[in-house]
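Undergrad: One predicted model, sequence on top.
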Amino acid sequence: MTEYFAGEYDVAVIGGGHAGAEASLASARLGASTVLFSMSLDALCNLPCNPSVGGTAKGHLVRELDALGGEMGKAADAVFLQSRMLNRGKGPAVHSLRVQVDRAKYHLHMKKVLENQPGLSLKQAEIADIRLDENGAVKELVTALGAVYRVKAAVICTGTYLNGKVFVGDSVLKSGPDGLHAAEKLTASIARLGLRMQRFKTGTPARAHRDSIDFSKLETQLGDEPVTPFSFATGGALKNTLACHIAYTNEKTHEIIRGNIERSAMYSGNITGIGARYCPSIEDKVIRFADKKRHQIFVEPMGLDTAEMYLQGASSSLPEDVQIKMYRTIKGFERIEIMRVAYAIEYDCIDSAQLKPTLESLKIPGLYGAGQFNGTSGYEEAAAQGFVAGVNAAHKALGKAPFTLMRSGSYIGTLIDDLVTKGCLDPYRMMTSRSEYRLLLRQDNADTRLTPIGRELGLIGNTRWEMFLIKQKQIEDEKRRILAINLPPSEEINRLLLEKGTTPVTTGVKMAELLKRPQMDYESLLPFDEDRPELSRDVTEQIEIQIKYEGYIEKQKSQVKAREKMEKQKLPDDINYGEIQGIRLEAREKLSKIRPESVGQAARISGVSPADISVLLIYLEQQKRMAK
């Protein structure tokens, strides 16, 4: 193959999925000349697994990404079909937004954003090799056609394309998602660089023709009104346009699956990759949860201009004939026509414990990873990592300081801390239970927590910043006003309290104290608050949450403050854990492998005990005294 010099950029992004899009946009917007390589420009920001954005904890990631200046939330708002707030029956800490989006329009919207971003070039090409300079840092990328690009930093966002294999029964095809070419050459190059590789697996559900489904036999799932947008910058009222539906498997469905289980690639031994624990195939559900009489299948539209419907919750690697037979046992699916069969896909990724909290390789300066390449699952996890990796790649190229997010300040920080501190034994999925600070890290206050950081980075413009400052002032002013209001006892107040199922009052009471009662809300107190200003719903939501959960919030803030001391205590880059007497062998090995940046991160490593941390702290103090 003849090579030729094709150009020079500050940052190169390998892969045009959700991680690659956010990485390249962040990099270019920070002033770094950036190039995005994709196997197919017709698959930029594809949605192969489901036509939705958000979900439990994933919605937090999208809102945090938006608050920092990312793009996913704005794109989802621009093409959404239906919006639902999950976990409304629980507290605000676990409320999570999930929207159905128009799959084709989402791709086109993001492609247009990428095409029109100054400082960003798009190239349809397969990267075959990554070359280093004499110091072991990233220097060049080489395409499969011989084009050589000189770069200062590179972000690998290969998704499920890296050495991808698709499985349907005993049929095995080298392929990326939706029949696109797999990236077959890059794995060898990454292995030559000395990075530890893993093999993971995920699944994609079947798509069916809308007219072949009898929706009268299915449960209807409507969107929530009023609609909560993902982006804090989205103006105007959004409206739901389409309904989703729910079907259920039955014993006959399960009989067919059990009777053909040996024909599933998952059970025949063809698939060696490790699958997602929290997103099992329909075969796994039937075998692992044998006591369940039925399983849900969510019927979700792919868009306004197509008849294709996702059969979400029923990913499978069974043969095509078995899939058709299985689906037709389901009420409402008796005459279903499958347009695209479900399939499993295997792909290569790395052990994420080889990365710094900036998502830069511990071993190779200038090389970053994001998304499924780092062992995660999900569009939202990918986009969040892509943003952080893109910012850091740009900062590296431009000579600026590294950018990290604290675990105590964001779900994105929690996600990355988990990846680099613990690694992944199976595809990582964000959940609210992964954060010990979830009452502080709610999706509703993502802008309060992170927009100042986005502004400092240079990714929040003046108009957005002014909107943010106005909102924060409104919250503080109204909170102050509410806290100052005293209400005398009255029949009207007691009637309301009894209607709400809470105790009447016999003396004067502060309005804030009434609002703290679980049964009460800001809106119900309006008749007793003549001077209340007209405020937006997101402002009043913040006031209610901050007053109602004040005690719990302050308690969690004190916990964060107590742990900040350990997070701020940095560990030297050249520390030799092997020479520290008193640290157990397992802890030495783990600390040497992961190279934590702080004592706090070291304390979270599995296999490092509190006793090991005590020894480490004594060692650091001794070194400090010797230096003096």
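TA: Structure's in. What do you need?
Undergrad: I'd like the mean pLDDT over whichever strand or helix holds residue 390, please.
TA: For residue 390, the host element (DSSP states H and E) is helix 379-398. Here helix 379-398 scores 98 as its mean pLDDT.
Undergrad: packing partners for it?
TA: When contacts are defined as 3 or more C-beta pairs under 8 Å, 6 or more residues apart in numbering; DSSP states H and E, helix 379-398 sits against strand 4-14, helix 18-29, strand 52-54, helix 58-68, helix 72-78, strand 147-156, strand 367-369, helix 411-422. All C-beta spots, glycine's among them, are computed from the backbone N, C-alpha and C.
Undergrad: For the ones you listed, could you give me CSV that also reports distance to residue 347?
TA: Below are the helices and strands packed on helix 379-398 laid out as CSV (distance: least, C-beta to C-beta, whole Å):
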stretch, distance to residue 347
strand 4-14, 14
helix 18-29, 14
strand 52-54, 21
helix 58-68, 20
helix 72-78, 22
strand 147-156, 12
strand 367-369, 14
helix 411-422, 17
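Undergrad: So which of those is nearest residue 517?
TA: For the helices and strands packed on helix 379-398, the distance to residue 517 is smallest for helix 58-68, at 26.9 Å, taking C-beta to C-beta.
Undergrad: tell me how far that closest one is from the chain's mean position?
TA: 8 Å (C-alpha atoms, centre = their mean, to the nearest Å).
Undergrad: From here on, call the first residue 132.
TA: Sure, I'll start numbering at 132, so the last one becomes helix 189-199.
Undergrad: Show me what counts as buried in stretch 695-702.
TA: For stretch 695-702, a neighbour-count test (16 or more other C-beta atoms under 10 Å) marks 697-698, 702 as buried.
Undergrad: starting at the chain centroid, how far to that stretch?
TA: Relative to its chain's centre, stretch 695-702 lies at 26 Å (C-alpha atoms, centre = their mean).
Undergrad: before we move on, what about stretch 395-403?
TA: On the basis of C-alpha atoms, centre = their mean, stretch 395-403 sits 28 Å off its chain's mean C-alpha point.
Undergrad: Could you do stretch 628-642 as well?
TA: With C-alpha atoms, centre = their mean, you get 42 Å for stretch 628-642.
Undergrad: out of the helices and strands packed on helix 510-529, which comes closest to residue 576?
TA: Closest to residue 576 of the helices and strands packed on helix 510-529, according to C-beta to C-beta: helix 189-199, at 9.1 Å.
Undergrad: now for that closest one, which elements pack on it?
TA: helix 203-209, strand 227-232, helix 510-529, helix 542-553, helix 577-588.
Undergrad: Kindly check the end-to-end length of stretch 650-669 for me.
TA: Stretch 650-669 has an end-to-end distance of 20 Å (criterion: C-alpha to C-alpha, to the nearest Å).
Undergrad: Show me the contact partners of it.
TA: If you take C-beta atoms under 8 Å, 6 or more residues apart in numbering as the criterion, stretch 650-669 is touched by 357, 359, 363, 575, 602, 605, 609, 612, 616, 618, 623-624, 627, 631-633, 642, 645-646, 671, 674-675.
Undergrad: circling back to that earlier point, would you turn the helices and strands packed on helix 510-529 into a markdown table with mean pLDDT, mean neighbour count and distance to residue 706?
TA: As requested, the helices and strands packed on helix 510-529 are exported to a markdown table (pLDDT from 0 to 100; neighbours: other C-beta atoms under 10 Å; distance: least, C-beta to C-beta, whole Å):
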| stretch | mean pLDDT | mean neighbour count | distance to residue 706 |
| --- | --- | --- | --- |
| strand 135-145 | 98 | 21 | 30 |
| helix 149-160 | 98 | 31 | 30 |
| strand 183-185 | 97 | 28 | 41 |
| helix 189-199 | 98 | 30 | 31 |
| helix 203-209 | 98 | 25 | 38 |
| strand 278-287 | 98 | 24 | 26 |
| strand 498-500 | 98 | 29 | 23 |
| helix 542-553 | 96 | 24 | 16 |
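Undergrad: ok, then the element right after the host helix or strand of residue 675?
TA: Using DSSP H and E, the element containing residue 675 is helix 668-679. Following helix 668-679 in sequence order, the next helix or strand is helix 681-699 (DSSP H and E).
Undergrad: List the buried residues of the helix holding residue 675.
TA: Judged by neighbour count (16+ other C-beta under 10 Å), helix 668-679 contains these buried residues: 669-679.
Undergrad: same question, stretch 306-320
TA: Buried residues in stretch 306-320, counted by 16+ other C-beta under 10 Å: 306-309, 311, 313-318, 320.
Undergrad: can you check stretch 568-584 too?
TA: Neighbour counts over stretch 568-584 (16+ other C-beta under 10 Å) mark 568-584 as buried.
Undergrad: Now do the strands in the stretch 232-381 of the chain.
TA: Applying DSSP state E, counting those that start in this stretch to the stretch 232-381 of the chain gives strands spanning 251-255, 258-263, 269-274, 278-287, 296-299, 302-305, 328-335, 338-340, 350-352, 375-379.
Undergrad: who's in contact with the nearest residue to residue 550 once chain neighbours are set aside?
TA: Of all residues not flanking residue 550 in the chain, residue 483 sits nearest, at 4.0 Å (C-beta to C-beta, 6 or more residues apart in numbering). Residues near residue 483 by C-beta under 8 Å, 6+ apart: 500, 505-506, 550-551, 554-555, 559.
Undergrad: Could you find which two of the buried residues of stretch 306-320 are furthest from each other?
TA: 309 and 320 (24.9 Å).
Undergrad: For residue 549, see how far away the most centrally placed residue in the chain is.
TA: By C-alpha atoms, centre = their mean, the chain has its centre lying nearest to residue 512, at 2.4 Å. Counting by C-beta to C-beta, to the nearest Å, the separation of residue 512 from residue 549 is 10 Å.
Undergrad: got any residues that touch both of those two?
TA: Residues touching both residue 512 and residue 549 (C-beta under 8 Å, 6+ apart) are residue 559.
Undergrad: Nearest to residue 149 among the buried residues of stretch 695-702?
TA: Closest approach between the buried residues of stretch 695-702 and residue 149, by C-beta to C-beta: residue 698, at 28.6 Å.
Undergrad: if you skip the residues just before and after it, what's nearest to the closest one?
TA: The nearest residue in space to residue 698 (C-beta to C-beta, 6+ apart) is residue 731, at 3.8 Å.
Undergrad: Over to residue 457?
TA: Using C-beta to C-beta, 6+ apart and skipping residues adjacent in sequence, the residue nearest residue 457 is residue 387, 4.8 Å away.
Undergrad: Please convert the helices and strands packed on helix 189-199 to CSV, extending it with distance to residue 372.
TA: CSV is the format used below for the helices and strands packed on helix 189-199 (distance: least, C-beta to C-beta, whole Å):
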stretch, distance to residue 372
helix 203-209, 13
strand 227-232, 9
helix 510-529, 21
helix 542-553, 29
helix 577-588, 26
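Undergrad: so which of these gets nearest residue 162?
TA: The nearest among the helices and strands packed on helix 189-199, by C-beta to C-beta, is helix 510-529 at 6.5 Å.
Undergrad: what about the strands in the stretch 382-531 of the chain?
TA: Applying DSSP E, counting those that start in this stretch to the stretch 382-531 of the chain gives strands spanning 405-406, 427-432, 439-443, 469-471, 474-481, 498-500.
Undergrad: now for those strands, which one comes closest to residue 181?
TA: Among those, strand 439-443 comes nearest to residue 181, with 5.3 Å by C-beta to C-beta.
Undergrad: Show me what the closest one is packed against.
TA: strand 338-340, strand 427-432.
Undergrad: which outside residues touch that strand?
TA: With C-beta under 8 Å, 6+ apart as the test, strand 439-443 has contacts from 181-182, 336-341, 344, 378, 428-433, 458, 470-471, 473.
Undergrad: Quick check: buried residues in it?
TA: 439-443.
Undergrad: Let's test this: mean pLDDT of that strand, rounded?
TA: The average pLDDT within strand 439-443 is 97.
Undergrad: that older thread, angle of the helix holding residue 675 against helix 681-699?
TA: When axes from the mean of the first three to the mean of the last three C-alpha atoms, to 10 degrees is applied, the directions of helix 668-679 and helix 681-699 differ by 90 degrees.
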